[in-house]
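Colleague: take a look and give me a structure for this.
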Amino acid sequence: MTHGTIKPETDYGISRIDDEKYRAHAWRVSLRRHGRTHVKNFTDRKYGDRECALQEAREYRDQFIRENPPVSRREVCAVRRSNNKSGITGVCTYAKRYQLSNGSIRESWYWEASWPTVQGKSAKVIFSVNTYGQDMARQMAFNARREGLAAVEGVFWRSEPGDLADGNKDKKNRMSPSSRVA
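Modeller: Residues are numbered from 1 along each chain as shown. Predicted coordinates:
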């Protein structure tokens, strides 16, 4: 049995199944939205031939994407993770320890805000508790995160090829097919 993928620029979410043992020949549409995988097969036999089945699979995929658009990057950035202690996603506090020349240890605390910029990149800004005080440094980190997220655009990178249903063929900022999880 082979599960071959085809050109991701035109057939995002579609893969080929050819299994001689079970005489299964089909195109499979597999897309993930909000933690749930949606799968539908388009057999060559049912749709007449390989090309007709592929056309049906593309139409189904495009309709699915119109009805279930990819999650925006901003939405993904707002999801609060279970290990979040600050109450705001992308904001944390931490300490840096320094050993002074006399051998004693000094600890400095910071609040950090981070957010994605372009795929695979992120920005961060750090506010010293020693300089601004605990409450002010924390509030400055929250504000920086909010301002940083205001500039985040597009769809979540795992879903981005889905915009092909709208005819966007721009290949910049795309992940390779092997690293993408729709």
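
Colleague: what pLDDT does the residue located most distally from the centre of the chain get?
Modeller: Using C-alpha atoms, centre = their mean, the residue of the chain lying farthest from its centre is N102. It sits 47.7 Å away. N102 carries a pLDDT value of 93.

Colleague: and it, that's in a helix?
Modeller: No - checked against DSSP: H, G, I helix; E, B strand; the rest coil, N102 lies outside a helix; its state is coil.

Colleague: and it, its phi and psi?
Modeller: With angles defined as degrees, to the nearest 10, N102 sits at phi -80, psi 0.

Colleague: same deal with T131?
Modeller: Torsion angles, degrees, to the nearest 10, at T131: phi -80, psi -50.

Colleague: which one is it nearest to, not counting chain neighbours?
Modeller: Spatially, and ignoring its direct neighbours in sequence, T131 is nearest to A137 (7.4 Å; C-beta to C-beta, 6 or more residues apart in numbering). For every residue, glycine as well, the C-beta is placed using N, CA and C.

Colleague: which element is the one you found on?
Modeller: Following DSSP states H and E, one finds A137 within helix 134-150.

Colleague: equivalent analysis for E112, please.
Modeller: Assigned by DSSP H and E, E112 belongs to strand 105-116.

Colleague: with just CA atoms, put the next helix or strand along the chain from that strand into CSV.
Modeller: Downstream of strand 105-116, the next assigned helix or strand under DSSP H and E is strand 122-128. This file holds the C-alpha atoms of strand 122-128, laid out as CSV (Å, rounded to 0.1, in the frame of the first residue of the first chain):
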residue,chain,number,x,y,z
SER,A,122,9.5,35.6,17.4
ALA,A,123,10.0,38.9,19.2
LYS,A,124,10.5,39.4,22.9
VAL,A,125,11.0,42.3,25.3
ILE,A,126,12.2,42.1,28.8
PHE,A,127,11.4,44.4,31.8
SER,A,128,13.5,44.4,34.9
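
Colleague: buried residues in strand 122-128?
Modeller: Residues V125, F127 are the ones in strand 122-128 that count as buried (16 or more other C-beta atoms under 10 Å).

Colleague: from P69, how far off is the residue lying closest to L31 once chain neighbours are set aside?
Modeller: Closest residue in space to L31, ignoring its immediate chain neighbours: G13 at 4.7 Å, by C-beta to C-beta, 6+ apart. G13 sits 13 Å away from P69, going by C-beta to C-beta, to the nearest Å.
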